[in-house]
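1. Give me a 3D structure for the following:
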Amino acid sequence: MNKVSYFIVNAFTTELYKGNPAAVCLLDSAIPDSTMQKMAQEIPVPTTAFVQKKDNDFSLRWFTPAKEIPICGHGTIASAFLLWKLGIVPVDSPIIFQTVSGPLQANWLNELVEITIQKYRLEEIECPLELEEWLGVKPIYVGKTELDYIVELRHEEDIADFKADFDAMKQFPVRGVCITSCSKNEGIDIVSRFFSPAQGIDEDHVNGSTHGALGPYWCEKLSKESIVSKQLSKRGGVLYVTPKIKDVAIAGSAIQVLSGEIFI
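-> Numbering: from 1, shown residues only. Model prediction:
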């Protein structure tokens, strides 16, 4: 019976039991997709990342308990943090991950893990009736990326107090819905929450990939070069977001909370 070392790392936080947990499995050799999916079902976290050394880079894949997903910001942050923490990669060296969505680079920057993600084109749309009914309020703005609905609401309380009807989301033709507003707290520019039952995650604790659209949208609206974003899930988390010409840099803290072995 073979075994794989795995670690649970909380991304976008410096606190135990906060932020978004990801399992990181370090593979010595390739294993079947079906085995990775079973492992993701067995480990009780939203996303399990599988990392394997490939020449000078690392392959990286992400699985929720329900399916493989094409991008996962917090799983990438967790994977890079672990490779540096374990000394597999020197902390002053960048890490290149080869993924199904293309190469992702991670850098250690002022005690934060910074990754560069795709900048998603955000097209303003008229709010679909079913979405407005789901929201229960009239939004300030509705946009659509190739993945998600991005919805601006008027008040931070609208975000914090929102109760999502996950069954009703089955009719939405998107990966998920991100609701967002300006923040009323010093040092935080915006707040958001992200719901994605289509991926097997009713509410993501902290979602990185939506900031490929949120970052450019809010930086333009607030006339800022970068923003600090807080996710208002129960666990919470903070992201530092800097749009660039062709992509978006997101950075966050991370902390390891568990290590172990899983038999395969």
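
2. now the stretch 1-150 of the chain, which segments are flagged as low pLDDT?
-> Counting by pLDDT under 70, the stretch 1-150 of the chain contains no low-confidence range.

3. One more pass at 90, please.
-> Counting by pLDDT under 90, the stretch 1-150 of the chain contains low-confidence ranges at 1, 55-56, 110.

4. quick one: the helices in it?
-> Under the criterion DSSP state H, counting those that start in this stretch, the stretch 1-150 of the chain contains helices at 33-42, 73-85, 129-135.

5. so of those helices, which one's packed in deepest?
-> Burial of the helices of the stretch 1-150 of the chain is given as mean neighbour count (mean count of other C-beta atoms under 10 Å); helix 73-85 ranks first at a mean of 27. From N, CA and C alone the C-beta is placed, and that goes for glycine too.

6. ok so, going back, compare the helices of the stretch 1-150 of the chain and give me the one nearest E225.
-> The minimum distance between E225 and those falls on helix 73-85, with 20.1 Å, by C-beta to C-beta.

7. hang on, the earlier thing: what would the helices of the stretch 1-150 of the chain look like in CSV with distance to C182?
-> Output for the helices of the stretch 1-150 of the chain, formatted as CSV (distance: least, C-beta to C-beta, whole Å):
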stretch, distance to C182
helix 33-42, 36
helix 73-85, 22
helix 129-135, 17
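
8. what's the closest of those helices to V228?
-> For these, the distance to V228 is smallest for helix 73-85, at 15.6 Å, taking C-beta to C-beta.

9. For F7, which of the helices of the stretch 1-150 of the chain is the nearest?
-> Between F7 and the helices of the stretch 1-150 of the chain, the shortest gap by C-beta to C-beta is with helix 73-85, which sits at 5.5 Å.

10. Only the buried residues of stretch 256-264, if you could.
-> Neighbour-count burial for stretch 256-264, counted by 16 or more other C-beta atoms under 10 Å, picks out Q256, I262, I264.

11. okay, who's weakest in the residues you listed by pLDDT?
-> Within the set of the buried residues of stretch 256-264, pLDDT is lowest for I264 (93).

12. Now for that one: which residues touch it?
-> M1, N2, K3, V4, I31, T35, M39 (C-beta atoms under 8 Å, 6 or more residues apart in numbering).

13. likewise I188?
-> Applying C-beta under 8 Å, 6+ apart to I188 gives the contacts V228, S229, K230, V238.

14. Quick check, pLDDT for it.
-> With respect to pLDDT, I188 scores 98.

15. Check the burial of G87 by counting its neighbours.
-> For G87, the count of nearby residues is 8 (other C-beta atoms under 10 Å).

16. try S223
-> Neighbour count of S223, defined by other C-beta under 10 Å: 6.

17. quick revisit: please narrow the buried residues of stretch 256-264 to those residing in strands.
-> Among the buried residues of stretch 256-264, the ones falling in strands (DSSP state E) are Q256, I262.

18. Out of the buried residues of stretch 256-264, which is nearest to F194?
-> Closest approach between those and F194, by C-beta to C-beta: Q256, at 23.9 Å.

19. Y6 is in contact with the closest one, correct?
-> No: between Q256 and Y6 there is no contact under C-beta atoms under 8 Å: 11.3 Å.

20. before we move on, back to that, looking at the helices of the stretch 1-150 of the chain, spot the one closest to K54.
-> Nearest to K54 among the helices of the stretch 1-150 of the chain is helix 73-85 (12.9 Å), distances taken as C-beta to C-beta.
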